[in-house]
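> following is a predicted model, sequence given first.
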Amino acid sequence: MDILVNDLSIHEQFHDAASFRDALARLMAMRSAARRFGRDVHCHRAVLTVSPIPGVAIQQAIGRLALESERRAAMGWLTRSGPFWDDLRRHGDGDYLECGDKLVTNSAVGEAAFRTLHGADCGLVSVTPSDWDYSPVDVTWRREYEGADDRRTALHNWRSAPALEDGLRDLAPRIRSWDDLRAATAVRFESLTCAPDCFDPLSGVPFARSVAERFLALLGILDRLARAFDATGARSAEGQRIYQDYFTGDDALFSDSSDKEKQRFREALTFPHPGERGSSLFCPWHGKVRHMTLRLHFSWPIRTGRPVYVVYAGPKLTKR
């Protein structure tokens, strides 16, 4: 699937730099999510001319961001690396494409619809908040002048990184072996550092796709938490929600080992440090795959700017 930035979702709806920065961060997070699935998010070369703030082009708005790293990442994408969908544009000025009562020819919405109608599945990512905060986006290709029937399509329109990840996960090739799980993990979760042998303990476990998908879900939550920090280094509101939903409570998906387990199984819960030769990591925190009683062990606590090491995926290590 091709993914295009919906340029129409940038329409002078922001009234200050802070609200634009938050929206840009969401857009950049969707780009990162797509890249974890081996996909690019394509923009239009002219996107720099649109105005997110009244009277302020996006290039100027990005230039006002406080953090140089944010300015560099956004401008590098929008001006140099792309990729740019207009380099391989499929529809022309004479193709009448509309969404509701709005003409969308010469926009990413029109291009995505035209590609999809010609057999190349294509979706959108939109800035929020905007007038395009909904999905699917229904587009009609009017062909009366050709003497042909109109054609219609409904486009995926993602507005957040978690939603895009869920959508791309559904579209990704099915995991058919533990080696596939290892390979998918290496591509999808750029905020996690997996020990080279972390999946080796699964070699003696019969493969089950539902279990592999459960591991991917756990890894996805860890990856999201690792990225859920604000500019000050504090856990963001999204990070706090992830923590409350998945790391607290009696039935939490992630938990620390008990004090007794830490004492009794300290050696089993200590792993070679993936980033420091000769060092070790004590990793009692784990994610739970209740079917087959499997566990995913990782470094804790998770802090901004520090690697999250995944050191073990396999049978429960603290069996009495």
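In hand now; what should we look at?
> centroid residue for the chain?
In the chain, the C-alpha nearest the mean C-alpha coordinate belongs to residue 33, at 2.2 Å (C-alpha atoms, centre = their mean).
> name the nearest residue to it, ignoring sequence neighbours.
What sits nearest to residue 33 in space, not counting adjacent residues and going by C-beta to C-beta, 6 or more residues apart in numbering, is residue 161, at 4.3 Å. For every residue, glycine as well, the C-beta is placed using N, CA and C.
> where does pLDDT dip in the stretch 51-200 of the chain?
145-146 (pLDDT under 70).
> so where do the helices sit in it?
With helices called from DSSP state H, counting those that start in this stretch, the stretch 51-200 of the chain shows them at 58-63, 68-75, 108-117, 161-171, 178-188.
> in contact with the closest residue to residue 180 other than its chain neighbours, which residues?
Ranked by C-beta to C-beta, 6+ apart and with sequence neighbours excluded, the top spatial neighbour of residue 180 is residue 212, at 7.3 Å. Under the criterion of C-beta atoms under 8 Å, 6 or more residues apart in numbering, the contact list for residue 212 reads 175, 178, 180, 181.
> try it again at 10 Å.
174-178, 180-182, 184-185, 202, 289, 313 (C-beta atoms under 10 Å, 6 or more residues apart in numbering).
> and for residue 88?
Contacts for residue 88 were tallied using C-beta under 10 Å, 6+ apart; they are 2, 42, 111, 115.
> could these be laid out in a markdown table, adding distance to residue 319?
Output for the contacts of residue 88, formatted as a markdown table (distance: C-beta to C-beta, whole Å):
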| residue | distance to residue 319 |
| --- | --- |
| 2 | 47 |
| 42 | 49 |
| 111 | 55 |
| 115 | 52 |
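> quick revisit: highest mean neighbour count out of the helices of the stretch 51-200 of the chain?
Among these, the stretch with the highest mean neighbour count (mean count of other C-beta atoms under 10 Å) is helix 108-117, at a mean of 25.
> now do it: distance to the chain's middle.
For helix 108-117, the separation from the chain centroid amounts to 22 Å (computed by C-alpha atoms, centre = their mean, to the nearest Å).
> again with stretch 213-220
Averaged over its C-alpha atoms, stretch 213-220 has a centre that lies 14 Å from its chain's centre (C-alpha atoms, centre = their mean).
> I'd like the distance between the residue nearest to residue 33 and residue 28.
Residue 161 sits 9 Å away from residue 28 when distances are taken as C-beta to C-beta, to the nearest Å.
> average pLDDT for the helix ranked longest in the chain, rounded please.
Of all the segments of type helix in the chain, defined by DSSP state H, the longest one is helix 17-36. Per-residue pLDDT values over helix 17-36 give a mean of 92.
> now it and helix 178-188, what's the angle there?
Following axes from the mean of the first three to the mean of the last three C-alpha atoms, to 10 degrees, one obtains 150 degrees for the angle between helix 17-36 and helix 178-188.
> return helix 17-36 as CSV; C-alpha atoms alone will do.
Presented in CSV, the C-alpha positions along helix 17-36 are these (Å, rounded to 0.1, in the frame of the first residue of the first chain):
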residue,chain,number,x,y,z
ALA,A,17,3.1,27.5,17.0
ALA,A,18,2.4,25.1,20.0
SER,A,19,-0.7,23.6,18.5
PHE,A,20,1.0,23.2,15.1
ARG,A,21,4.0,21.6,16.7
ASP,A,22,1.8,19.0,18.3
ALA,A,23,0.1,18.2,15.0
LEU,A,24,3.4,18.0,13.2
ALA,A,25,4.7,15.6,15.9
ARG,A,26,1.7,13.3,15.2
LEU,A,27,2.4,13.4,11.5
MET,A,28,6.1,12.6,12.1
ALA,A,29,5.1,9.7,14.4
MET,A,30,2.9,8.3,11.6
ARG,A,31,5.8,8.5,9.2
SER,A,32,8.0,6.6,11.7
ALA,A,33,5.2,4.0,12.2
ALA,A,34,5.0,3.4,8.5
ARG,A,35,8.8,3.0,8.2
ARG,A,36,8.7,0.3,10.9
